Each structure stands twice: as C-alpha cells, then as structure tokens.
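In: build me a model from this:
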Amino acid sequence: MSLVVLAAVISVVGGMRGAWAGMSHVAYTWTYANSPNSYNKPAGTCTFIYPEYQPFAQARELIVDNHLPNGSVLYSWDYNNFLPNFGWSCTSSGVSSWGADHLITDAGIIPGSLGYIYATYLRSATELSPGIYKTSVEGIGVKFYLKISDETTYNIHQGHTGINTIEGTGFTTPEPPPGSEFTVSGVTTFYVRMSRFPESKGTSGNFTYTLKGTAKYSIRAELIKTGDITITSPIALSVVGASNGYVDFNSMKELNGLSRLPGPLAGSGILIYPAACRLRGAADYQIDLGRWVDLTGNNIGSLPAQGNIKPVNISLECSGKLDNVEFSFQDTGDSPLTNRNISLYDNIGGQKIEGLEVEMLYNGTRLNVHKMGEATTTYKTNTGAHGSIKTNPSDITFNSQSRASFAARFVQRNAIKRNGVAYAGPVTGKVNMFVTYY
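Out: Numbering: from 1, shown residues only. Here you go, the predicted model:
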C-alpha cells in the first residue's frame with residue numbers, strides 16, 4: 001500500500017521532467033607443425049561481437065498502476081534494442097589444419113583456443129514462476145528470450161551454441177536450430193557458450209579443422225507485473241543475480257587483450273514510480289464566503305446561525321488510479337477554536353474575531369479541523385477513488401483529472417467583536433490541506 005501526503009493552503013475570506021556491442025577483427029595463421037599442408041599458412045579471419053551495452057543501466061521511468069492485472073507487460077525491448085546479434089563469423093583462407101588450437105593472430109597472440117566467449121547473464125537468480133525472474137522491486141519480474149540467428153551454422157562435431165547451467169551436466173539446448181527462439185526458464189544461472197570453429201573428419205582418419213562458420217544470437221526482455229507494488233516513492237529497478245554476471249574472455253586473448261567485462265544485465269537505471277495524485281493548478285485556494293451581517297445587532301434571528309454554503313472544489317490530477325484519496329485540514333490561526341471549526345481574524349493586524357467562524361463540510365456533513373502542532377491524521381475524510389488506470393507505464397504524465405468537492409460556510413454563535421468591541425469589516429481564516437492517497 002502506498003501512502004503519500006500532499007499539503008496546500010486554503011484561505012476563506014468574506015466581506016465581513018551507448019554502444020550496443022564491442023567488435024574485434026582478427027586474422028589467424030596455422031602453427032601446427034604436424035600438419036605440413038597448413039603450417040605457417042593463413043587460416044582465415046574472424047569477427048567477434050560481444051556485449052558491452054547494459055539495457056538496465058539506461059535511464060528510464062515507468063509508472064506502475066496496481067490496477068493492471070498481474071501478468072501485464074509493463075515494458076518490453078525487442079532484439080534490436082536490447083542485446084542484439086552477438087557471436088562470431090569466420091571466413092576460411094581455404095586452408096585446413098589437423099591442429100584445432102594451433103593458431104597465432106596477426107598481432108602475435110597465441111590463443112588458448114578459439115572457443116567463443118562465455119557470457120554469463122544471470123548467476124544466483126530467483127525464478128518467481130516459469131520464465132519470470134525476480135527484480136529488486138516487489139511486484140515486478142522480468143522475462144528473457146533468446147533467439148538464434150538465421151545465419152548460424154553447425155558442424156556434427158564442434159561449433160555448438162548452447163544454453164547451459166551450473167547445475168546441469170551439459171548443454172540444455174545443444175545446437176538450437178537457426179532462427180529458433182527460447183524463453184529462459186528453469187535455471188538460476190543463465191549463460192551462453194558458443195564453441196570454436198567447425199571440424200570434419202578427413203579421409204585419412206584425421207580430423208581437419210577449418211576456420212569458417214557463423215554463430216550469433218540475440219536477447220530481448222519484458223518487465224512483467226507479478227503483484228502489487230508497495231513503494232511510496234521512486235525506486236531503482238535491477239535484476240536479481242545480474243550483478244554477478246560477466247563476459248569471460250579468458251580463452252579469447254586475441255580480443256585485444258580483454259579478459260572480462262561486466263554482466264550485460266547489470267544496472268539500475270530504470271526508476272519505478274507508484275501511481276500518484278497531486279493538486280492541479282493552483283496549490284492555494286481562496287474562497288469568498290460573501291458578506292455577513294451581525295444578527296445580534298439587528299435582532300434578526302436566533303443563534304447559532306449558519307450562512308450560505310459555498311463550494312470548495314479541489315482539482316486533482318493523477319498518474320493512475322488510486323482507490324482511496326483522503327483529505328484533512330489544519331487551522332493555521334494563533335487562537336484555534338475548541339469546537340474544531342476555522343477561526344477568523346481581521347485582515348490587517350491578524351487580531352482574533354469573536355462570535356464568527358467557518359465550518360467545512362463534505363457531502364453535507366461537518367468536518368473537524370486540526371490545530372497547529374497536532375498530527376493531521378486524526379480527522380480525515382475519504383473521498384473515494386480518483387484517477388483512471390494507467391495502461392501505458394511509459395507515460396509518466398499526470399493525465400487523469402479529478403475533483404474533490406468540499407464546502408464552507410459562516411457560523412455565528414455570539415455578537416461579532418474584536419478585542420471586545422463590535423466589529424464590522426473584512427475577516428479571513430486559513431487552513432492547511434493534506435492529501436493522502438493509497
């Protein structure tokens with residue numbers, strides 16, 4: 001339950017607002033001396049694309065309305081604007097070798113192997129329900145999809161592209177078909193491994209290795225509403241387990257000496273806001289209650305006497321739907337009344353006016369007013385629901401207008417005096433207004 005308080009003043013008067021990926025191009029030469037047909041000959045070139053962009057680190061603001069049904073997609077990224085097209089593509093020189101890992105780059109670096117990067121996206125994550133993972137904000141989960149590129153090719157022996165888990169004993173999805181899409185599910189650690197270049201078995205019984213092939217994948221995500229959010233102020237969202245992720249280059253020395261990059265899913269740039277209401281237009285209201293004639297001086301009628309009711313319409317604007325919007329009022333005068341009406345003063349020296357006061361009403365019922373120094377939660381008036389359901393969380397505007405209708409009127413109880421002397425002239429009273437919503 002979110003609980004927020006706004007404050008305003010009402011006066012009563014009377015006549016009386018990166019880079020998607022890293023890329024490295026590498027040329028290789030075969031160095032396996034026991035393969036005389038390829039020794040010291042060009043093997044080919046490879047282009048490696050690895051994740052540097054962190055979507056969750058990018059600044060974004062979302063308003064989550066608790067009236068949206070659970071399962072609603074609060075925000076989604078497509079493959080092109082989340083983590084697109086990572087992998088490698090190698091072009092052979094036409095020369096094959098019997099030694100898979102016997103290579104040297106044009107920069108003189110000897111790689112441990114040509115195995116592609118291990119990109120660990122989640123580590124020690126929490127799966128709330130199948131395919132939906134926990135974020136730092138209660139009530140919001142995240143769902144990930146992985147798609148293999150159409151141009152990905154495989155070989156019967158090597159060249160695997162797989163989704164693996166620490167708990168598993170092998171690839172959970174070995175060699176997924178090119179163009180296929182998967183929902184990440186059932187794991188607490190999610191990483192993608194894309195293995196080395198293809199191999200084939202030669203006529204002599206030896207395996208020959210050819211520097212060629214393509215293996216690429218992309219990831220997209222959705223933020224999912226899983227329950228009510230209980231925040232009362234903006235909070236940064238992050239994915240549980242993402243900060244433990246990394247992109248490992250330990251076997252990829254040819255990539256400009258890189259060793260490890262931060263996890264692509266880390267970051268907390270997304271701010272989540274609860275639905276809220278605020279005063280629309282002027283924060284201070286001035287209500288003219290008209291003229292009042294002292295009834296005792298003219299023997300017109302009996303006391304107490306009540307004046308005409310004047311509407312006090314409080315304009316609100318909301319960024320979503322709130323089921324309960326409560327108002328309370330506080331007399332700012334130096335001499336508040338014991339009956340909890342609004343005290344009045346002359347408008348020159350602020351001297352107390354006796355015998356005349358103002359009462360506030362809601363739906364015809366009189367309201368008690370707090371005194372200065374008191375907690376403003378004792379006498380609250382619930383005006384019910386305000387605002388409309390926010391169906392587009394990316395729209396952070398207060399575009400739902402509403403109104404709370406109160407009223408005020410004079411009440412005379414005795415002869416109207418100032419410092420014990422009959423008084424006829426302008427009077428003023430003032431209250432602070434507090435708005436609480438949840």
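In: so where's the stretch 101-250 of the chain uncertain?
Out: 111-118, 154-175, 194-206, 248-250 (pLDDT under 70).
In: that one: strands as residue ranges?
Out: 103-105, 118-122, 127-129, 132-134, 140-148, 161-164, 181-183, 190-194, 199-201, 207-209, 213-225, 235-237, 246-248 (DSSP state E, counting those that start in this stretch).
In: burial of the nearest residue to residue 212 once chain neighbours are set aside, as a residue count?
Out: Counting by C-beta to C-beta, 6 or more residues apart in numbering, residue 212 lies nearest to residue 92, which is 3.9 Å off, once chain neighbours are set aside. All C-beta atoms are positioned from the backbone trio N, CA, C, and that covers glycine. Residues near residue 92, counting by other C-beta atoms under 10 Å, number 18.
In: surely residue 92 is in contact with residue 210?
Out: Yes. Proximity of residue 92 to residue 210 meets the contact threshold set by C-beta atoms under 8 Å, at 5.2 Å.
In: and the residue nearest the centre of this protein?
Out: By C-alpha atoms, centre = their mean, the mean C-alpha position of the chain lies nearest to residue 272, the distance being 2.7 Å.
In: part of a strand, is that one?
Out: Yes. Counting by DSSP: H, G, I helix; E, B strand; the rest coil, residue 272 is part of a strand.
In: go ahead and confirm it touches residue 231.
Out: Yes. Using C-beta under 8 Å as the test, residue 272 is close enough to residue 231 to be in contact (6.8 Å).
In: where do the contact lists of the two overlap?
Out: With contacts taken as C-beta atoms under 8 Å, 6 or more residues apart in numbering, residue 272 and residue 231 have residue 137 as neighbours in common.
In: where do the domain boundaries of the chain fall?
Out: Domain segmentation of the chain under automatic domain parsing yields 4-16+290-437, 21-274.
In: ok, now which ones touch residue 63?
Out: 272, 273, 274, 275, 319, 320, 390, 393, 395, 396.
In: please name the bridge partners of the first one.
Out: This points to residue 272. residue 62, residue 235 (DSSP bridges).
In: still on that earlier bit, can I get the domains of the chain in CSV including distance to residue 284?
Out: Below are those laid out as CSV (distance: least, C-beta to C-beta, whole Å):
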stretch, distance to residue 284
domain 4-16+290-437, 5
domain 21-274, 24
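In: before we move on, back to that, between the contacts of residue 63, which sits nearest residue 52?
Out: Closest approach between the contacts of residue 63 and residue 52, by C-beta to C-beta: residue 272, at 25.4 Å.
In: related to what we said a few turns ago, only the buried subset of the contacts of residue 63, as a PyMOL command please.
Out: Selection of buried members from the contacts of residue 63 for PyMOL, criterion 16 or more other C-beta atoms under 10 Å:
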select buried, resi 272+273+274+275+319+320+390+393+396
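In: count the residues that sit near residue 89.
Out: Quick note: residue 89 (other C-beta under 10 Å) scores 18 neighbours.
In: quick one: contacts for the residue nearest to residue 212?
Out: 43, 44, 210, 211, 212.
In: quick one on the thing from earlier: tell me who's in contact with the residue nearest to the centre of the chain.
Out: Residue 272 neighbours (C-beta under 8 Å, 6+ apart): 62, 63, 64, 137, 140, 229, 231, 234, 235, 236, 237.
In: any of those buried? List them.
Out: 62, 63, 64, 137, 140, 229, 235, 237.
In: mind checking pLDDT for the second one?
Out: Residue 63 carries a pLDDT score of 98 in this model.
In: measure residue 420 to residue 354 for me?
Out: 8 Å (C-beta to C-beta, to the nearest Å).
In: tell me which of those two has more neighbours.
Out: When residue 420 and residue 354 are compared for neighbours, residue 354 comes out ahead with 19 against 7, by other C-beta under 10 Å.
In: about what we covered before: find the pair from the contacts of residue 272 with maximum spatial separation.
Out: 63 and 236 (14.6 Å).
In: what separates the residue nearest to residue 322 when sequence neighbours are not counted from residue 274, distance-wise?
Out: Residue nearest to residue 322 in three dimensions, not counting chain neighbours: residue 437, with 4.4 Å by C-beta to C-beta, 6+ apart. Look at residue 437 and residue 274: by C-beta to C-beta, they are 9 Å apart.
In: next: residue 242.
Out: From residue 242 to residue 274 the distance is 23 Å (C-beta to C-beta).
In: do residue 291 as well
Out: When distance is defined by C-beta to C-beta, residue 291 is 45 Å away from residue 274.
In: kindly list the main-chain dihedrals of the spatially closest residue to residue 39 that is not a sequence neighbour?
Out: Spatial nearest neighbour of residue 39, excluding adjacent residues (C-beta to C-beta, 6+ apart): residue 33 at 5.5 Å. The phi and psi values for residue 33, taken as degrees, to the nearest 10, are phi -70, psi -30.
In: wait, residue 33 sits on residue 97?
Out: No. The pair residue 33 and residue 97 does not pass the contact test of C-beta under 8 Å, sitting 10.4 Å apart.
In: which of the two has more neighbours?
Out: Neighbour count, other C-beta under 10 Å: between residue 33 and residue 97, residue 97 has more, with 25 against 11.
In: pull the contacting residues for the spatially closest residue to that one that is not a sequence neighbour.
Out: Of all residues not flanking residue 97 in the chain, residue 38 sits nearest, at 3.9 Å (C-beta to C-beta, 6+ apart). Applying C-beta under 8 Å, 6+ apart to residue 38 gives the contacts 30, 32, 95, 96, 97, 98.
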